[in-house]
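Can you look at this prediction? I've put the sequence above it.
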Amino acid sequence: MKKVLFAILAITFSNFVLAQESPTSPTKAVYVELGGAGLPYSFNYDFRFDKDNINSWGMRIGAGGYTVSDGDSFFSLPIMVNRLYGKGPHYFELGFGATFFAFDNSYYEYCIEGYFDQTTGQYVCTTTGSDSYNFILDVDGSPSIMGTMNFGYRRVPVDGGFTWKVNLNPIFNNNGFWPLFAGIGVGYAF
């Protein structure tokens, strides 16, 4: 019994000593990401739930979007839970979450088949088609949601400062799965 108690105390004490000896790396970051969970691009805030341990679970929240002159617009809100594994400044990032998005595009219907009605002098469509919105995968409408995953490399300087990341971001929704979506990001860790 004494040996078991001694082993438990030794393990507990060694974990405490190791936790005291490890330098604290920055656990927060702001960055812009092209591609990735924000879909076209996003501005993000990332933080660790354990403020003293960069190798812990954390979360990122972002926003992105655009508007173009022909009336098309897009807004995205990526939310992910993620974890970093590694030793400063090199980390493997693993995460999962969802991106909420809304869009307004120039949706229009067009005539596939029809005939010219001579009595009214107008063309009558019998079969119409329409353009639907998709972002790699078909989307059922706006607003919508896309599931996201994250597998990548993140470089976080031990003392903070310029940080960057590259990721493979598989995306999915009720219409399918696309494993080869990717993203790159640059920002500031603090």
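Arrived safely. This is a predicted model, so every value here is computed, not measured.

Now do the same contact list for V32.
41-44, 185-187 (C-beta atoms under 8 Å, 6 or more residues apart in numbering). C-beta: built from backbone N, CA, C; applies to glycine.

How about P170?
When the contact criterion is C-beta under 8 Å, 6+ apart, the partners of P170 are 148-149, 151, 177-181.

Swap in 7 Å and give it another go.
The contact partners of P170, taken as C-beta atoms under 7 Å, 6 or more residues apart in numbering, are 149, 177-179, 181.

wait, which of these is closest to H90?
Nearest to H90, judged by C-beta to C-beta, of the contacts of P170 is M149 at 20.7 Å.

Tell me the confidence at that closest one?
pLDDT recorded at M149 is 97.

thinking it is in contact with A98, fair?
No. Assessed by C-beta atoms under 7 Å, M149 is found out of contact with A98, at 10.4 Å.

Pick out whichever of the two has more residues nearby.
Neighbours were counted for M149 and for A98 using other C-beta atoms under 10 Å; M149 has more, 19 against 15.

Which helix or strand contains the more buried one?
When elements are assigned from DSSP states H and E, M149 belongs to strand 144-155.

ok, and what's touching that strand?
Where contact means C-beta under 7 Å, 6+ apart, the residues beyond strand 144-155 that reach it are 37, 78, 80, 82, 84, 89-101, 163-173.
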